[in-house]
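Peer 1: compute the structure for the input listed below.
(chains A and B)
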Amino acid sequence: MKNYVKNKNFIPIDYFEKINEKNNIVRKRLLDILILINIFIFPITISNLKNYKSESAVEVISIVEEPKNKENILTFIEEIDKDIIKLEIINGAGTMKIRNIDKIYNIEEANKIKIMSISKDKDKKYIVGVEI
Amino acid sequence: MQSILGVIKDKYYFKGKEYSIYKLRDLQDKLNNNRKIIIFDENIFIKKYKFEGKYLEKFVEEKIIDEFSNREELLFHYEYRKKDKIIFLYSIRNIIYNELYKNIKSLEINPIQFWLKSYISKNNKIKNYVAIFKFFDKYYLIDVEDNIIINSYIYRNLDELKKIISEINKQIIIDTLVSDLKVDKAFIEGKAGEKLYEKLCKK
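Peer 2: Numbers count the residues shown, from 1 in each chain, chains lettered A, B, ... in the order given. As a prediction, the model looks like this:
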């Protein structure tokens, strides 16, 4: 839609007025359509907003990132067996939940993974802080 | 794509063919809805106003109402020069038959003097010059300052034009179609005429 300015570019006044009138009608129609769309969309937006508010917050326990080093990944994967209950590693360090104390001795002996801390949880399982 | 047509007095030119006002229906059938009309052989009347207010459009509208009692027969254009806050108000006789712009999608109207100016500014970097142009046996001279037309003349014969050229102290652009004019001064050769001929007169 080309816009014209009154008394500019030698546009005849009758053409200018007619185009202006047409443009105003088109603009008014567009506005009506926008209002209609809004009327339909508004209730959906409101209900979405309500759902959003009622959703319980998600507790983030740990962020698992991919270890950058391929060897590191393999070192940890090799240790996975029936004694390992859970393994959480971020950037080459993290925790292992271990069922049997012999497994901890094995890790220490192998000397591939450093043991930083050992504690017991309420299920009497060992939580071992490890690092490459 | 625009249909480009020329109008001289009561004659219309489109793709090398001449149409009188009695043949406008034939012409209308050949034109599309986007039209560019070039007006030939009409003098441009230029008025200058100092303007330091805020509402330029309103100011121009008031001046037109106050000073042009025959405004309904005229077409207007204005340009504002910021450096000295001057408005140049241009008016030209509306010789276009209104059926030619009724119910069309877009319209562009250019007096030949303005078409020439915009052609030169597109193809040259100079902003201050005098351009001499010839089309349909009329000579046109436009005096341009800061890319704004400050004076415009139409000459029927070469002698009148020669007198004026001797007084010009600006860069001169002479169109190649003005082949009958011999000038002692240095000038740039313009090619606007050839381009317009191609657009308007070739089938």
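Peer 1: how far does stretch B:61-75 sit from the chain's center?
Peer 2: 19 Å (Cα atoms, centre = their mean, to the nearest Å).
Peer 1: so for it, mean pLDDT?
Peer 2: Stretch B:61-75 carries an average pLDDT of 94.
Peer 1: now it: buried residues?
Peer 2: B:63-64, B:68, B:71, B:74-75 (16 or more other Cβ atoms under 10 Å in any protein chain shown). From N, CA and C alone the C-beta is placed, and that goes for glycine too.
Peer 1: how about a markdown table for the residues you listed, with distance to chain A and secondary structure added?
Peer 2: Formatted as a markdown table, the buried residues of stretch B:61-75 follow (distance: Cβ to the nearest Cβ, whole Å; DSSP: H, G, I helix; E, B strand; the rest coil):
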| residue | distance to chain A | secondary structure |
| --- | --- | --- |
| B:K63 | 9 | helix |
| B:I64 | 6 | helix |
| B:F68 | 10 | coil |
| B:R71 | 8 | helix |
| B:L74 | 9 | strand |
| B:L75 | 4 | strand |
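Peer 1: quick one: B:L196 and B:S118 touch, right?
Peer 2: No: checked against Cβ atoms under 8 Å, the pair B:L196 and B:S118 is beyond contact range at 11.7 Å.
Peer 1: ok so A:I11 is a strand residue?
Peer 2: No: going by DSSP: H, G, I helix; E, B strand; the rest coil, the assignment for A:I11 is coil, not a strand.
Peer 1: run me through the strand neighbours of the helix or strand encompassing B:Y78, direction for each.
Peer 2: Taking DSSP states H and E as the definition, one finds B:Y78 inside strand B:74-81. In the sheet, strand B:74-81 lines up against strand B:86-93 (antiparallel) (DSSP bridges).
Peer 1: show me where the chain has helices.
Peer 2: Went with chain A since none was named. Taking DSSP state H as the criterion, chain A contains helices spanning A:13-54, A:70-79, A:101-110.
Peer 1: let's do chain B instead
Peer 2: For chain B, the helices defined by DSSP H cover B:24-30, B:56-67, B:112-123, B:158-165, B:192-201.
Peer 1: and of the ones you listed, who's closest to B:E42?
Peer 2: Ranking the helices of chain B by their distance to B:E42 (criterion: Cβ to Cβ) puts helix B:112-123 first, at 8.4 Å.
Peer 1: and that closest one, what does it pack against?
Peer 2: Judged by 3 or more Cβ pairs under 8 Å, 6 or more residues apart in numbering or on different chains; DSSP states H and E, helix B:112-123 is in contact with strand B:34-40, strand B:129-135, strand B:138-145, strand B:148-155, helix B:192-201.
Peer 1: run the chain-centre distance for it.
Peer 2: Centroid separation for helix B:112-123 versus its chain: 8 Å, with Cα atoms, centre = their mean.
Peer 1: next up, the contacts around residue 4.
Peer 2: Let's take chain A. A:11, A:15-16, A:19-20 (Cβ atoms under 8 Å, 6 or more residues apart in numbering or on different chains).
Peer 1: meant chain B, my bad for not saying
Peer 2: Taking Cβ under 8 Å, 6+ apart, we find B:I4 in contact with B:14, B:35-36, B:38, B:199-200.
Peer 1: alright, that wraps it up for me.
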